[in-house]
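Peer 1: Here is my input, please return the structure:
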Amino acid sequence: MDSVVVFNIAWMKKYEGITLDDVPVHGGRYIKEHGYGSEVYNFRPYRGKMYGFVEAGWKPKPCCINITNLGASKRDSSVSGILVVWVAKRCVKHLTVVVGWYKNATVYRERQKPPEASNRKLPDGEDAPYFAEADEKNCTRIPAESRDLVVPRGEGGIGQKNIWYLEGLRGEQFKSKLFDYIKKRGNC
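Peer 2: Okay, the predicted model is just below:
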């Protein structure tokens with residue numbers, strides 16, 4: 001589990017789609033304006049797989065994930081064997097915490113279309129794309145009330161961008177805490 005990437009997403013209880021009591025919050029301007037984002041399905045399995053989205057940016061067009069930071073070559077369209085950690089700003093105290101992870105995931109450079117018949121539709125009728133894919137058995141979502149591993153923000157931690165490759169001393173310190181946390185929790 002050496003290759004780790006942290007993806008910052010909106011806060012939800014389950015990430016299994018929008019319901020009356022589970023809507024995304026603290027997810028940036030797009031979610032404030034539209035009330036949803038493609039991460040709403042990050043923990044809804046389809047045929048034994050999870051498909052997760054992070055907003056990688058839009059300027060000047062939908063942006064990509066720099067998978068070369070995860071060991072891929074410049075020609076690769078994806079990289080496998082990655083630990084993808086999902087984090088969000090919780091509603092209480094507004095600290096960023098770990099909400100779950102995908103072990104042994106494949107991370108794609110560009111947005112992927114969801115599988116046919118997966119019913120990953122957004123309120124505007126568009127398909128919800130994804131950047132990360134993993135076997136359901138390798139995915140863990142922490143119950144909302146138990147999300148307590150705080151993620152460092154600012155210099156040496158996750159910044160304004162939604163993607164953190166855990167570089168630097170602070171990244172190594174967090175990686176160590178994260179691995180201990182995952183070992184204690186196992187797959188829920």
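Peer 1: okay, how far is it across stretch 155-175, tip to tip?
Peer 2: Its first and final residues considered, stretch 155-175 spans 16 Å by Cα to Cα, to the nearest Å.
Peer 1: what's the answer for stretch 70-80, then?
Peer 2: Length of stretch 70-80, first residue to last, Cα to Cα: 9 Å.
Peer 1: Stretch 151-164 now?
Peer 2: End-to-end distance of stretch 151-164 (Cα to Cα): 11 Å.
Peer 1: Residues contacting it, please?
Peer 2: Stretch 151-164 has contacts (Cβ atoms under 8 Å, 6 or more residues apart in numbering) with 5-9, 28, 54-57, 65-66, 87, 95-98, 168-171, 174. Any C-beta I mention is one placed from the backbone N, CA and C, and that applies to glycine too.
Peer 1: Return the distance of it from the chain's centre.
Peer 2: The chain centroid and the centroid of stretch 151-164 are separated by 14 Å under Cα atoms, centre = their mean, to the nearest Å.
Peer 1: Same check on stretch 43-51?
Peer 2: Between the centre of stretch 43-51 and the centre of its chain there are 14 Å (Cα atoms, centre = their mean).
Peer 1: tell me the mean pLDDT over that stretch?
Peer 2: What stretch 43-51 shows for mean pLDDT is 98.
Peer 1: which residues touch that stretch?
Peer 2: Contacts for stretch 43-51 (Cβ under 8 Å, 6+ apart): 14-17, 41-42, 52, 100, 102, 112, 114-115, 118-120, 130, 132-137, 139, 141.
Peer 1: Generate a PyMOL selection restricted to the buried subset of those residues.
Peer 2: Those of the contacts of stretch 43-51 that count as buried under 16 or more other Cβ atoms under 10 Å are selected in PyMOL with:
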select buried, resi 14+15+17+41+42+52+100+102+112+114+118+120+130+132+133+134+139+141
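Peer 1: what helices or strands is the biggest helix by length in the chain leaning on?
Peer 2: Counting residues, the longest helix found in the chain (DSSP state H) is helix 168-185. Packed against helix 168-185 by the contact rule (3 or more Cβ pairs under 8 Å, 6 or more residues apart in numbering; DSSP states H and E) you find strand 96-112.
Peer 1: Just the CA coordinates for the strand it packs on, please, in PDB.
Peer 2: Presented in PDB, the C-alpha positions along strand 96-112 are these (Å, rounded to 0.1, in the frame of the first residue of the first chain):
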ATOM      1  CA  THR A  96     -11.700  17.300   7.200                       C
ATOM      2  CA  VAL A  97     -11.800  13.600   8.100                       C
ATOM      3  CA  VAL A  98     -11.400  10.300   6.300                       C
ATOM      4  CA  VAL A  99     -14.800   8.900   5.200                       C
ATOM      5  CA  GLY A 100     -13.500   5.700   3.600                       C
ATOM      6  CA  TRP A 101     -11.100   4.100   1.100                       C
ATOM      7  CA  TYR A 102     -10.700   1.800  -1.800                       C
ATOM      8  CA  LYS A 103      -7.800  -0.600  -1.500                       C
ATOM      9  CA  ASN A 104      -6.000  -1.900  -4.600                       C
ATOM     10  CA  ALA A 105      -7.900   0.500  -6.800                       C
ATOM     11  CA  THR A 106      -7.400   1.500 -10.400                       C
ATOM     12  CA  VAL A 107      -7.100   5.300 -10.900                       C
ATOM     13  CA  TYR A 108      -7.700   6.700 -14.300                       C
ATOM     14  CA  ARG A 109      -6.100   9.800 -15.800                       C
ATOM     15  CA  GLU A 110      -9.400  10.900 -17.400                       C
ATOM     16  CA  ARG A 111     -13.100  10.700 -16.400                       C
ATOM     17  CA  GLN A 112     -14.700   7.400 -17.200                       C
END
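Peer 1: Cheers, nothing more for now.
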